[in-house]
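K.L.:
model this:
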Amino acid sequence: MLVAANIQPERTLAAAARFSNGVRRLAARFHLLVLSVLILLAPLPVSAQGAPEQQISRLNDRLLEAMQRAEELGFEGRYELLAAPLTETFDFEEMARASAGSHWSKFDSDERERYVDAFTRMSISTFASRFDGYSGETFELVGEKPGTRGTKMVETRIAAPGEEPVAINYVFRETEQGPRVVDVYLDATYSEIAVKRSEYTSLLRQVGVDGLVAALDRKIAQMKTGGGG
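P.N.:
This is a model prediction of the structure:
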């Protein structure tokens, strides 16, 4: 024979409410935990991945490694070692545009793509060719200062024992991807972009974009075989 339970509605409702509140608190904590994990796992904006000085410090570390392991790596190995840090730090598309001068506006989309690709490969190859040995060199990060037209300049020096330090200064401009290098000054005087613009615009007038891309490919091939950069 079944005996009716002594049910007290008030206590039952209170217990149900406490249970419901506990579930809601648990769910809130769970969602907060998931949100925290997603925030931690989400990629940082490029601008948060390093200020200009930090970017150049990391690049200098890779350049020094390329020099110290130059013989072991060879040209191809140095190229592979430097490709990622250079493309993450430099705005090669903007540098290609600047080096083409007024010719850039005359390129169609395919010509721009091929030229930017050749310019990028040429730039990385130049670094791989220049930093091809180690004789006790050290890098010094001098500091950062304002540049012209809203840019920032990171000043560095590379010194070899018994020789005068050589200044290598990097010009940064803010982009959608964060601060990126748009020019390099050697000996704190000579703009790489100005030198390239003088050379490349002359070739563009003579042989067009196809001829310039072919000339860059030949130069890259020479550097691969030790022909200089």
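K.L.:
got the residue ranges for the strands in the protein?
P.N.:
Under the criterion DSSP state E, the chain contains strands at 138-146, 152-159, 166-175, 178-186, 190-191.
K.L.:
got these as TSV, with mean pLDDT, mean neighbour count and distance to residue 199 columns?
P.N.:
Bear in mind the C-beta positions are built from the backbone N, C-alpha and C, glycine included. Listed next are the strands of the chain as TSV, based on pLDDT from 0 to 100; neighbours: other CB atoms under 10 Å; distance: least, CB to CB, whole Å:
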stretch	mean pLDDT	mean neighbour count	distance to residue 199
strand 138-146	96	13	28
strand 152-159	97	19	23
strand 166-175	96	19	19
strand 178-186	97	20	15
strand 190-191	94	12	12
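K.L.:
Report the contact partners of the spatially most central residue of the chain.
P.N.:
By CA atoms, centre = their mean, the chain has its centre lying nearest to residue 88, at 1.4 Å. For residue 88, the contacting residues are residue 55, by CB atoms under 8 Å, 6 or more residues apart in numbering.
K.L.:
where does the protein have low pLDDT?
P.N.:
Residues of the chain that meet the criterion pLDDT under 70 lie in 1-49, 227-229.
K.L.:
where along it do the helices fall?
P.N.:
9-41, 52-68, 70-89, 92-100, 109-130, 192-224 (DSSP state H).
K.L.:
and among these, the most buried is which?
P.N.:
Ranked by mean neighbour count, the helices of the chain are led by helix 92-100 with a mean of 21 (mean count of other CB atoms under 10 Å).
K.L.:
Contacts for that one, please.
P.N.:
104, 107, 115-116, 119-120, 123, 173, 175, 180-183, 193, 196-197, 200-201, 204.
K.L.:
Could you do stretch 135-153 as well?
P.N.:
For stretch 135-153, contacts defined as CB under 8 Å, 6+ apart pick out 51-53, 56-57, 60, 63-64, 67, 154-161, 165, 169-174, 179, 182, 185.
K.L.:
Mind doing that once more with 7 Å?
P.N.:
52-53, 56-57, 60, 64, 67, 154-161, 169-173, 179 (CB atoms under 7 Å, 6 or more residues apart in numbering).
K.L.:
Quick one: end-to-end distance for it.
P.N.:
With CA to CA, to the nearest Å as the measure, stretch 135-153 spans 27 Å from end to end.
K.L.:
what's the spacing between the closest residue to residue 220 other than its chain neighbours and residue 176?
P.N.:
Leaving aside its chain neighbours, residue 220 sits nearest to residue 125 (4.7 Å; criterion: CB to CB, 6 or more residues apart in numbering). Note on residue 125: its distance to residue 176, by CB to CB, to the nearest Å, is 27 Å.
K.L.:
As CSV, the strands of the chain with distance to residue 226 would be great.
P.N.:
Shown next, in CSV, are the strands of the chain (distance: least, CB to CB, whole Å):
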stretch, distance to residue 226
strand 138-146, 24
strand 152-159, 21
strand 166-175, 22
strand 178-186, 21
strand 190-191, 24
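K.L.:
among these, which is nearest residue 131?
P.N.:
strand 152-159 (9.3 Å; CB to CB).
K.L.:
ok and the closest one relative to helix 52-68, angle-wise?
P.N.:
Put simply, strand 152-159 runs at 30 degrees to helix 52-68, going by axes from the mean of the first three to the mean of the last three CA atoms, to 10 degrees.
K.L.:
what comes into contact with stretch 67-82?
P.N.:
Contact with stretch 67-82 is made by 62, 65-66, 124-125, 127-129, 131-134, 137, 223-224, as judged by CB under 7 Å, 6+ apart.
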